[in-house]
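Peer 1: below are the sequence and a predicted model for it; my questions follow.
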Amino acid sequence: METNIEEMKIKCLQSVEELFQNYNNSEYMLNRISNHINNYLPKILNNEYSNHIKRINRNAYLSNEQQIFIQVFLNKYQYFYLHNNNFFYEYNGNKYYIVKEDDIIHNLLSSISKDRTLLQWKYKTKINIVKLIKERNLFHSIPESNTIQNVLNILFPSIFQSKNIAKYFLTIIGDNILKKNSHLIFLVSGKMKQFLNELDAIAVASIGNNNTTHNFMTKYHENHEYENCRLIQINETYSNELWREILKKIGLDLLCVATHYSIRNEQSDKFIDNKTDEEHKSYTYYLRYNTQKDIINSFCEKYIILKQSCVMEWKHIHFIWKHFLSKIHLPNVIYSNSLKNFLKERFDYNEELDVFTGITSIYIPIQNDFIKFWNNTICCFNNNNNIGNQFKEELEVDELCSLFKHWAKTNINTENLMTNGNIGEENVINIIKHFFPEIEIIEDKYVLNVGCVLWVKKTDIDKAFIYIKEEITKQKITDLLSFDDLYKYYNKYCNLNSIKMVVSKRYFEKYLAFAYANFIIYERFITPLSISNFVVFN
């Protein structure tokens, strides 16, 4: 610095020397030079120095005010950014939103104008704040406790059986977004496929990530190594339609909470190791801890009984294998050929008859008896015949359970049957799907195009209408009768006649709309006069 000052001084003296040499012959100019240097220059320099100090102080003040403003603004308005999709986001302490950059700038400039101190630095401050916002990654935001609980309370108990499983799921989603643990495979129920697709679509639209659920699999593939497979159990009864609407509302919140859990827990396996109980850990790591041989041995120990005089068809063994998997909430992680080959090594097998000899299972009797019940009492109607004026029959799964129990009392030895004719709806569905795959079941409740000789449902309804005709005549009813009114009459008829099997309101209205279509007005009403003129169907 001292060298520079000396150089400037020498240069200034040289300039003055040159001026005196240039005007050496002009007394006027020499006087002017002297006057400027001695009278004007000190005042000019003094003013400039004073202004310079004021500017420094002013800039320091504004810089300090700008820093305070930026700090307060960014604390008050939690804006974030993602470079991959060029989206801005806002978090209000409860929910996350996508916001436009123009809205942020409008809010920013309005706040500066209200402050007024920074009006001179308005655009400079705007540029600095937008730059800082772009450095605030959405995935490094820390959601408040109420946001986290809102997400968890929606996932549990509707989809997951505990909050810990919900947290584990969120950690996995966060890992996927942050590109961790790409080697892991998470096996889930097929019921979850639609939910995962909806979540993936929301992730693409909101954060520009198209690999959010890529490693969730609803079916095991032989290329998946057990070591890398993890299990997640869900509740099978949740509604996908309901969840589609919920995800639209909380999807971004869920994704942000997920990345928060991923960062906080480091990665999903560490969550399992450090935050869960042994039961959850054992289930999640089931495939990591067990080989194919271990799993099949466990199946044989629990489901197969050695009995010399017995034989088991392969299709029956395959069915109880599915039952075993369902009971332990395990996806089908062993191909049927591999299972069959292993069993061939362990038990006697007749290739020609496709049966295993010398074995049976406690789960075989109820299964065989239901198949016998089905073959003897159930009528199946070809879909192609359900056209024109033919009514499409159907049975509900709970009705099949009741009919089977009634049939079992007189057709099988219930003393030797562990269930005494009782059979669960899930078991009925599984038996039909396995042994009668051509039968259509919707919503795991309605078995379409089938009827039962033990209970002709439409005949009961037709008989009930004889009673209804008598009642409205006796009571001199003149008001319109709705489908609801008629169903109440039907139930009363069943009670009076001790009829235990009562058709559902869905079936009643379906049959009413078909068989008595000519008498229906306003879509759901029938006049008493029309009922009086009914010709009951047989």
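Peer 2: That came through fine. Numbers count the residues shown, from 1 in each chain.
Peer 1: switch to C-alpha atoms for all contacts and neighbour counts from now on
Peer 2: Fine.
Peer 1: where does the stretch 1-150 of the chain dip in pLDDT?
Peer 2: For the stretch 1-150 of the chain, the stretches with pLDDT under 70 are 1-3, 61-62.
Peer 1: can you map out the strands along it?
Peer 2: 78-82, 87-91, 96-99 (DSSP state E, counting those that start in this stretch).
Peer 1: any idea how far Ile432 is from Asn382?
Peer 2: In this structure, Ile432 lies at 16 Å from Asn382, with C-alpha to C-alpha, to the nearest Å as the measure.
Peer 1: the more surrounded of the two?
Peer 2: With other C-alpha atoms under 10 Å as the criterion, Ile432 and Asn382 differ in neighbour count, and Ile432 comes out ahead with 18 against 11.
Peer 1: what's the distance between the longest helix along the chain and the middle of its chain?
Peer 2: Scanning the chain for the longest helix, with DSSP state H as the assignment, gives helix 41-76. Relative to its parent chain, helix 41-76 has a centroid offset of 55 Å by C-alpha atoms, centre = their mean, to the nearest Å.
Peer 1: now do that helix: which elements does it pack against?
Peer 2: In this structure, helix 41-76 packs against helix 122-134, with contacts taken as 3 or more C-alpha pairs under 8 Å, 6 or more residues apart in numbering; DSSP states H and E.
Peer 1: any buried residues in the helix it packs on, and which?
Peer 2: The neighbour-count criterion (16 or more other C-alpha atoms under 10 Å) identifies 122, 125-126, 129-130, 133-134 as the buried residues of helix 122-134.
Peer 1: tabulate the residues you listed in TSV, adding columns for distance to Phe342.
Peer 2: Compiled in TSV, the buried residues of helix 122-134 are given as follows (distance: C-alpha to C-alpha, whole Å):
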residue	distance to Phe342
Lys122	77
Thr125	73
Lys126	71
Ile129	67
Val130	65
Ile133	61
Lys134	59
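Peer 1: from Leu138, how far off is the residue nearest to the spatial centre of the chain?
Peer 2: When the chain is reduced to its mean C-alpha position, the nearest residue by C-alpha atoms, centre = their mean turns out to be Phe195, at 3.7 Å. For Phe195, the distance to Leu138 equals 24 Å [C-alpha to C-alpha].
Peer 1: next: Ile112.
Peer 2: Distance from Ile112 to Leu138, by C-alpha to C-alpha: 25 Å.
Peer 1: packing partners for the lengthiest strand in the chain?
Peer 2: Of all the segments assigned as strand in the chain under DSSP state E, the longest by residue count is strand 305-313. Applying 3+ C-alpha pairs under 8 Å, 6+ apart, one finds that strand 305-313 contacts strand 355-360.
Peer 1: which residues does the strand it packs on contact?
Peer 2: By C-alpha atoms under 8 Å, 6 or more residues apart in numbering, the residues outside strand 355-360 that reach it are 304-314, 344, 347-350.
Peer 1: same question, stretch 38-48
Peer 2: Contacts to stretch 38-48, defined as C-alpha under 8 Å, 6+ apart, come from no residue at all.
Peer 1: and this protein, what are its domain boundaries?
Peer 2: When the chain is parsed into structural domains using automatic domain parsing, the resulting residue ranges are 19-141, 148-288, 291-361, 367-452, 457-532.
Peer 1: as CSV, those domains with distance to Ile5 would be great.
Peer 2: Converted to CSV, those look like this (distance: least, C-alpha to C-alpha, whole Å):
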stretch, distance to Ile5
domain 19-141, 16
domain 148-288, 56
domain 291-361, 84
domain 367-452, 91
domain 457-532, 100
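Peer 1: return the most buried member of those.
Peer 2: Ranked by mean neighbour count under mean count of other C-alpha atoms under 10 Å, those are led by domain 148-288, which reaches a mean of 18.
Peer 1: centre of the chain to that one, how far?
Peer 2: Using C-alpha atoms, centre = their mean, we find the averaged C-alpha position of domain 148-288 to lie 8 Å away from the chain's own average C-alpha position.
Peer 1: what's the first-to-last distance across it?
Peer 2: End-to-end distance of domain 148-288: 30 Å, with C-alpha to C-alpha as the criterion.
Peer 1: residues contacting the closest residue to Leu108 other than its chain neighbours?
Peer 2: Nearest residue to Leu108, sequence neighbours excluded (C-alpha to C-alpha, 6 or more residues apart in numbering): Lys126, at 6.9 Å. Counting by C-alpha under 8 Å, 6+ apart, Lys126 makes contact with 105, 108-109.
Peer 1: which of those sits closest to Tyr363?
Peer 2: Ile105 (69.0 Å; C-alpha to C-alpha).
Peer 1: please name the residues that touch that closest one.
Peer 2: Under the criterion of C-alpha under 8 Å, 6+ apart, the contact partners of Ile105 comprise 126, 130.
Peer 1: show me the strands in the stretch 301-450 of the chain, by range?
Peer 2: 305-313, 348-350, 355-360, 378-380, 394-396, 441-442, 446-448, 450-452.
Peer 1: tell me where the model's unsure across the stretch 401-538 of the chain.
Peer 2: In the predicted model of the stretch 401-538 of the chain, residues 413-421, 533-538 satisfy pLDDT under 70.
Peer 1: one more pass at 50, please.
Peer 2: 414-418, 537-538 (pLDDT under 50).
Peer 1: what segments of it are helices?
Peer 2: Secondary structure of the stretch 401-538 of the chain (DSSP state H, counting those that start in this stretch): helices at 425-435, 457-475, 483-496, 505-515, 528-532.
Peer 1: can you lay out those helices as TSV showing distance to Tyr286?
Peer 2: Converted to TSV, the helices of the stretch 401-538 of the chain look like this (distance: least, C-alpha to C-alpha, whole Å):
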stretch	distance to Tyr286
helix 425-435	24
helix 457-475	47
helix 483-496	50
helix 505-515	43
helix 528-532	63
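Peer 1: looking at these, which is nearest to Gly208?
Peer 2: Ranking those by distance to Gly208, with C-alpha to C-alpha as the measure, places helix 425-435 first at 39.8 Å.
Peer 1: and for the closest one, what's in contact with it?
Peer 2: Outside of helix 425-435, the residues within contact range by C-alpha under 8 Å, 6+ apart are 319, 367, 371, 397-398, 400-401, 439, 444.
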